[in-house]
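Chemist: here you go, sequence then predicted model.
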Amino acid sequence: MEILNYTNATVKVTEQGGKITIDVTDIPKYKAGDILAAQNGVFIYKISDIRGYATINERQRLFDELAKVGKRWNSDQLCIEDIPKPLKVGDMVIAWGSTRDMSIIGKLKGIDNDAPRYFVGDWYFVNAIKWDGTREHYEKILNG
């Protein structure tokens with residue numbers, strides 16, 4: 001009995017009574033979070049009726065459907081998340097520079113789209129995100 005391992009299958013060869021049997025067992029080649037295509041559509045890997053990786057067009061179809069409901073795929077966090085709404089002057093924001101050591105919560109006074117820079121309080125910041133009004137949100141932003 002010999003077992004051969006390949007990238008996407010295990011092959012087991014057995015001989016019994018002069019008869020050779022070859023048993024091929026598929027090993028999933030996809031990992032959590034891969035965007036794949038099946039007979040019934042495009043999905044994020046969790047089921048087994050896989051036909052292969054989704055094509056660029058199939059992936060775009062998934063992204064378009066998510067966008068219709070204000071969502072997007074975050075491939076780093078392996079989750080679907082809300083698409084951030086664009087900031088506008090007057091929004092309450094959390095703003096910070098190149099590091100999160102100095103951050104501020106305040107009203108957005110202006111946006112320099114060429115840089116981009118956000119004018120909050122009396123300073124310009126490189127980063128800003130709309131604040132939801134909770135301490136938890138502020139701490140989450142500070143902790144990255």
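Modeler: It's in. Numbers count the residues shown, from 1 in each chain.

Chemist: who touches stretch 57-69?
Modeler: Contact with stretch 57-69 is made by 35, 37, 42-43, 54, 72-73, 80, 83, as judged by C-beta atoms under 8 Å, 6 or more residues apart in numbering. Backbone N, C-alpha and C define where each C-beta goes, glycine included.

Chemist: need the residue closest to the centroid of this protein.
Modeler: With distances taken as C-alpha atoms, centre = their mean, the residue of the chain nearest its centroid is residue 74 (1.7 Å).

Chemist: the closest residue to that residue other than its chain neighbours bridge partners, please.
Modeler: Once flanking residues are discounted, residue 74 sits nearest to residue 81: 5.0 Å by C-beta to C-beta, 6 or more residues apart in numbering. Beta-bridge pairing for residue 81 (DSSP bridges): residue 72.

Chemist: wait, residue 81 touches residue 75, no?
Modeler: No - the criterion here is C-beta atoms under 8 Å, and residue 81 misses it with residue 75 at 10.9 Å.

Chemist: show residues contacting stretch 71-79.
Modeler: 32-33, 35, 44, 62-63, 66, 80-83.
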